[in-house]
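Q: Build me a structure from this.
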Amino acid sequence: MAEGGTSENGLQEKTRAFPQPVKVQLIRNTKVFINNEWRASIRGKRFPTFNPATGVKLCDVEEADREDVDEAVEAAKAAVQRSSPWRRMDASSRGKLLHKLADLMERDRLLLATLETLDTGKPFLQSFFIDLDGSIKTLRYYAGWTDKIHGQSLPIDDSFMCLTRHEPVGVCGAIIPVGQLITAAAANSNLKRVTLELGGKNPCIVFADCDLQLAVEEIQKGAFYNQGQCCTAASRIFVEESIYEEFVQRSVENAKKIVIGDPMDPQTTHGPQIDQQQFDKIMDLIESGKNEGARLEHGGGAVGEKSLFIQPTIFSGVKDHMRIAKEEIFGPVQCILSFENQQEAVERANNSPYGLVSAVFTTSMDRALSVSAAMETGTVWINCYNALHAQTPFGGYKMSGNGRELGEYALAEYSEVKTVTFKLTETT
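A: Okay, here's the model as predicted:
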């Protein structure tokens, strides 16, 4: 199934130095995990999970239902009662537990990366170097915060003294379905607080003064990472007219180096889509691009008759009204549009209900600062893409969500601020 890719991408010569996936004979933990133990679901429901690269069934997994969630919530509530061991534990000891979890993930990093690739089809090296690395660093970052969350002493009028305390909100649930449904449910459920990181139709603006090859490579990392199945995918690329044709040409040349194949092979950089439903949606949008007049420069088809692999796809001549320029594709499709001036580029980039991330490629610091200030997105990358770090907040504007994850900003989402005011009496 290997397609494209030569020694130019530097992979073939270095393969032996790369970490290798482990052989998974049996997937042991397939039950729901509640109150520190694996257990069968109350209703006994199970669902199969498949390797999207081969179609082979991996295992059956216990499916948690409403009753299981209720039990998990009750267990979590008990764990944060004032008399519980967790509440009595000092802050630095909690940090040690997070560090221990990070240590265990380091220990089993090869196994966890292998399981991630088996389950999702993501190339193994991406699972190992990006997903696991990011998870471990995030745990260590917040382990350092456990004994540094504190309030303030505030000057106020008359003979009062005021201090603030930051206290935990309580039990939190992390859910990964359609965000709009969560918002509606929260609105009808005692004003539950929610933070949402939703979809995106993320614009990149490429100016003529940029490092062109850098822009091509960084944007394609954003467009094709995880086969485009990424909320931050670089899906709308606005390129200044004077460099437009060269940008398209270089993008095609760069895409030809992408290696499609077995996700477990360290040389592979492009795997399958997650399932048949997503595959069909992407192919439908690719067809719409052709039908609406965009020029298919590269890819656009499936790899093999019965697989879930889709070629990295590049369209030029894309117009703002086309479906591929408006809808979140969540697949390996790069849409390249042209612009004449900065004001036009910014206005068109912002003309979207989404506002998750954006990128600007230029060597002018003035332009970088002015354009980043004008972008209606939660993150703006300058001369880079997908530069995500545990220390920096992440979230979206508009329909791309609300609230922030990561960094110090995320702590506010999980804490309540309590004001404590004292009336002082003068003594003589």
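
Q: Only C-alpha atoms from now on, for both contacts and neighbour counts.
A: Noted.

Q: Could you say which helix or strand holds residue 69?
A: In this structure, residue 69 sits in helix 66-79 according to DSSP states H and E.

Q: wait, I meant residue 324
A: helix 323-326.

Q: what about the helices in the protein?
A: 66-79, 85-88, 91-107, 109-120, 124-126, 133-143, 179-187, 212-224, 244-255, 276-291, 323-326, 342-350, 365-374, 409-413 (DSSP state H).

Q: Any chance you could list what contacts the shortest one?
A: Okay, so that is helix 124-126. By Cα atoms under 8 Å, 6 or more residues apart in numbering, the surrounding residues in contact with helix 124-126 are 19, 21, 113-114, 116-117, 263-266.

Q: With the first one instead?
A: Residues lying outside helix 66-79 but in contact with it, judged by Cα under 8 Å, 6+ apart, are 34-35, 41-42, 84-87, 170-171.

Q: could you redo the last one with a cut-off of 6 Å?
A: 34-35 (Cα atoms under 6 Å, 6 or more residues apart in numbering).

Q: What residues of that helix count as buried?
A: By neighbour count on 16 or more other Cα atoms under 10 Å, the buried set for helix 66-79 is 68, 72-73, 76, 79.

Q: Could you pull up the mean pLDDT of the helix holding residue 324?
A: Per-residue pLDDT over helix 323-326 has a mean of 96.

Q: just for the stretch 251-400 of the chain, where's the confidence low?
A: Scanning the stretch 251-400 of the chain for pLDDT under 70 picks out no residues.

Q: returning to what we had before: possible to save the helices of the chain as CSV with distance to residue 235?
A: Formatted as CSV, the helices of the chain follow (distance: least, Cα to Cα, whole Å):
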stretch, distance to residue 235
helix 66-79, 36
helix 85-88, 44
helix 91-107, 32
helix 109-120, 21
helix 124-126, 20
helix 133-143, 23
helix 179-187, 20
helix 212-224, 6
helix 244-255, 14
helix 276-291, 13
helix 323-326, 8
helix 342-350, 11
helix 365-374, 18
helix 409-413, 27
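
Q: Out of the ones you listed, which is the most enclosed?
A: Of all the helices of the chain, helix 124-126 carries the top mean neighbour count, a mean of 25, counting by mean count of other Cα atoms under 10 Å.

Q: Outline the domain layout of the protein.
A: With domains defined by automatic domain parsing, the chain comprises 29-197, 202-387.

Q: for the shortest one, the distance to its chain's centre please.
A: Centroid separation between domain 29-197 and its chain, computed with Cα atoms, centre = their mean, to the nearest Å, is 15 Å.

Q: swap in the longest one?
A: Between the mean C-alpha location of domain 202-387 and the chain-wide mean there is a distance of 16 Å, by Cα atoms, centre = their mean.

Q: Please spell out which residues along stretch 316-335 are buried.
A: Of all the residues in stretch 316-335, those buried under the rule 16+ other Cα under 10 Å are 316, 318-319, 322-326, 328-335.

Q: Tell me the one of those residues nearest residue 236?
A: residue 335 (5.3 Å; Cα to Cα).

Q: ok, now which ones touch that closest one?
A: 235-236, 315.

Q: Which single one of these is nearest to residue 369?
A: Using Cα to Cα, those come closest to residue 369 at residue 236, 20.4 Å.

Q: residues near the closest residue to the closest one other than its chain neighbours, how many?
A: Once flanking residues are discounted, residue 236 sits nearest to residue 203: 4.6 Å by Cα to Cα, 6 or more residues apart in numbering. Residue 203: 32 surrounding residues under other Cα atoms under 10 Å.

Q: Just the CA atoms of stretch 339-350, as PDB, please.
A: Taking Å, rounded to 0.1, in the frame of the first residue of the first chain, the C-alpha atoms of stretch 339-350 are listed here in PDB:
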ATOM      1  CA  PHE A 339      -5.900  37.200  -2.300                       C
ATOM      2  CA  GLU A 340      -4.700  40.600  -3.400                       C
ATOM      3  CA  ASN A 341      -4.100  42.600  -0.200                       C
ATOM      4  CA  GLN A 342      -4.000  42.200   3.500                       C
ATOM      5  CA  GLN A 343      -7.400  43.700   4.300                       C
ATOM      6  CA  GLU A 344      -9.100  41.400   1.900                       C
ATOM      7  CA  ALA A 345      -7.300  38.400   3.300                       C
ATOM      8  CA  VAL A 346      -8.200  39.200   6.900                       C
ATOM      9  CA  GLU A 347     -11.900  39.800   6.100                       C
ATOM     10  CA  ARG A 348     -12.200  36.600   4.100                       C
ATOM     11  CA  ALA A 349     -10.400  34.600   6.700                       C
ATOM     12  CA  ASN A 350     -12.700  35.900   9.500                       C
END
